[in-house]
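Asks: Give me the fold of what follows.
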Amino acid sequence: MKKETLVGAFVLGGVALLLAAFVLFGRFHPFEHKLYATLIFEGASSGLTVGSPVTFRGVQVGTVDKVSIEYDPPTRRAYIPVHITLQPANISLTAGRNSTLPTIPELVAQGLRGEMNLKSFVTGSSEINLDFAPQTRAVLHPDLVSGNEIPTRQSTMQQMTQTLTQLPLRQLADNADKTLASLRALSDRMDTSLPQLVDSLRETSDHTRQMMDTANATLATLQPELTRTLETIDRLAAAGTAQMNGRGAQLNALLARADTMLRKADHSLDGITSLTSPRSPERADLEASLRDIAAAAAALRGFASDVERNPQLLLTGRRP
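Replies: Prediction:
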């Protein structure tokens with residue numbers, strides 16, 4: 001009986017030590033409050049395994065429990081559900097706030113999003129990072145997730161990877177090869193043409209130097225003539241200025257007389273205009289005088305005709 005008691009006590013002690021080891025050194029915490037959620041990724045999830053850390057801005061708040069694959073035959077799309085466990089024991093609310101921690105749907109409504117980041121370049125392991133990004137649209141998958149779901153977004157590394165994947169590397173390589181071939185051909189043509197171009201430039205430089213020397217010699221020869229010409233122009237300008245200064249009074253008097261004559265001419269033109277006006281009295285008098293003169297001329301012509309036919313009229317006159 002004592003032996004069985006000892007064996008039972010030994011077994012109970014072993015179980016107690018095993019439970020203590022799980023509690024102290026493992027992830028088994030039977031009295032700790034935990035939250036469970038799922039994240040759906042559509043891209044590659046290399047490096048993400050069970051036990052990978054879940055962080056919030058670099059602080060670990062949970063671990064990855066399961067990574068699986070969901071395939072949709074009609075759309076031929078594969079989804080990567082990642083089940084995580086959150087341990088909110090080390091998350092405390094600020095003073096003056098409600099003591100109840102918001103639920104996962106409330107945090108998602110406030111902008112909680114998850115992304116997968118590369119944890120180590122050496123080992124290639126990845127981790128899940130949580131952060132608030134309300135500007136990212138929340139895409140949920142109710143057909144795949146029955147519990148809490150945290151929307152995902154592409155990390156900076158994933159965006160860079162997708163961008164690099166979509167680059168037309170083959171086309172860029174072909175264009176680079178064509179560019180190098182063109183540069184090689186251009187280099188060969190320059191190797192052939194450059195010496196001739198250098199010789200031509202050298203000859204042009206020599207001709208230009210000769211022309212500059214000739215121009216300098218010509219300028220040196222013409223400089224005295226140009227100097228004398230400029231001096232003569234200066235003297236002519238000075239003489240013209242002196243003449244203008246001396247004749248200034250005469251020019252002013254001439255201009256005054258010309259102005260007076262123009263005024264008189266304007267007055268005469270006004271008189272002529274009044275004479276030629278159809279309604280002016282002077283024109284009526286002039287037209288009456290012209291009619292009288294015409295009548296006298298007609299009478300004189302008639303008298304001359306009569307005298308020509310009968311010259312005695314000069315002596316006897318006309319009889320009534």
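Asks: all contacts plus neighbour counts: C-alpha atoms, from now on.
Replies: OK.
Asks: for residue 144, helix, strand, or coil?
Replies: Secondary structure, DSSP: H, G, I helix; E, B strand; the rest coil: residue 144 is coil.
Asks: For residue 127, see how far away it is.
Replies: The gap separating residue 144 from residue 127 is 22 Å, by C-alpha to C-alpha, to the nearest Å.
Asks: So between the two, which is more surrounded?
Replies: residue 127 (23 against 13; other C-alpha atoms under 10 Å).
Asks: What is the three-state secondary structure of that one?
Replies: Per three-state DSSP, residue 127 ends up strand.
Asks: who's in contact with it?
Replies: By C-alpha atoms under 8 Å, 6 or more residues apart in numbering, the residues touching residue 127 are 48, 52, 53, 54, 55, 116, 117, 118, 119.
Asks: Next, give phi and psi for the last one.
Replies: It refers to residue 119. When read as degrees, to the nearest 10, the backbone of residue 119 gives phi -80, psi -40.
Asks: List the contacts of it.
Replies: Neighbours of residue 119 in contact, by C-alpha under 8 Å, 6+ apart: 125, 126, 127.
Asks: ditto for the fifth one
Replies: Residues counted as contacts of residue 55 (C-alpha under 8 Å, 6+ apart) are 61, 62, 127, 128, 129, 130.
Asks: Who wins on neighbours among the residues you listed?
Replies: Taking other C-alpha under 10 Å to define a neighbour, the member of these with the most is residue 128, carrying 25 neighbours.
Asks: What's opposite that residue in the beta bridge?
Replies: Beta bridges link residue 128 to residue 54, residue 116, judged by DSSP bridges.
Asks: my read: it touches residue 115, true?
Replies: Yes: between residue 128 and residue 115 there is a contact under C-alpha atoms under 8 Å: 5.8 Å.
Asks: avg pLDDT for whichever strand or helix holds residue 306?
Replies: Using DSSP states H and E, the secondary-structure element containing residue 306 is helix 281-309. The pLDDT scores in helix 281-309 average 76.
Asks: rewinding a little: adding pLDDT, write the contacts of residue 55 out as JSON lines.
Replies: Below are the contacts of residue 55 laid out as JSON lines (pLDDT from 0 to 100):
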{"residue": "61", "pLDDT": "89"}
{"residue": "62", "pLDDT": "90"}
{"residue": "127", "pLDDT": "90"}
{"residue": "128", "pLDDT": "91"}
{"residue": "129", "pLDDT": "92"}
{"residue": "130", "pLDDT": "91"}
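Asks: one step back: list the helices and strands the helix holding residue 306 packs on?
Replies: Packed against helix 281-309 by the contact rule (3 or more C-alpha pairs under 8 Å, 6 or more residues apart in numbering; DSSP states H and E) you find helix 248-276, helix 313-316.
Asks: Deepest-packed of the ones you listed, please.
Replies: helix 248-276 (a mean of 12; mean count of other C-alpha atoms under 10 Å).
Asks: if we can go back for a sec, what's the farthest-apart pair in the contacts of residue 127?
Replies: 48 and 55 (13.4 Å; C-alpha to C-alpha).
Asks: The longest helix along the chain to helix 248-276, inter-axis angle?
Replies: Counting by DSSP state H, the longest helix found in the chain is helix 169-246. Angle, helix 169-246 to helix 248-276, by axes from the mean of the first three to the mean of the last three C-alpha atoms, to 10 degrees: 90 degrees.
Asks: Relative to the whole chain's centre, how far out is helix 169-246?
Replies: Relative to its parent chain, helix 169-246 has a centroid offset of 38 Å by C-alpha atoms, centre = their mean, to the nearest Å.
Asks: With stretch 43-56 instead?
Replies: For stretch 43-56, the separation from the chain centroid amounts to 44 Å (computed by C-alpha atoms, centre = their mean).
Asks: Likewise for stretch 240-253?
Replies: Here stretch 240-253 shows a centroid-to-chain-centroid distance of 64 Å under the convention C-alpha atoms, centre = their mean.
Asks: Could you do stretch 104-111 as well?
Replies: Chain-centre distance of stretch 104-111: 41 Å, with C-alpha atoms, centre = their mean.
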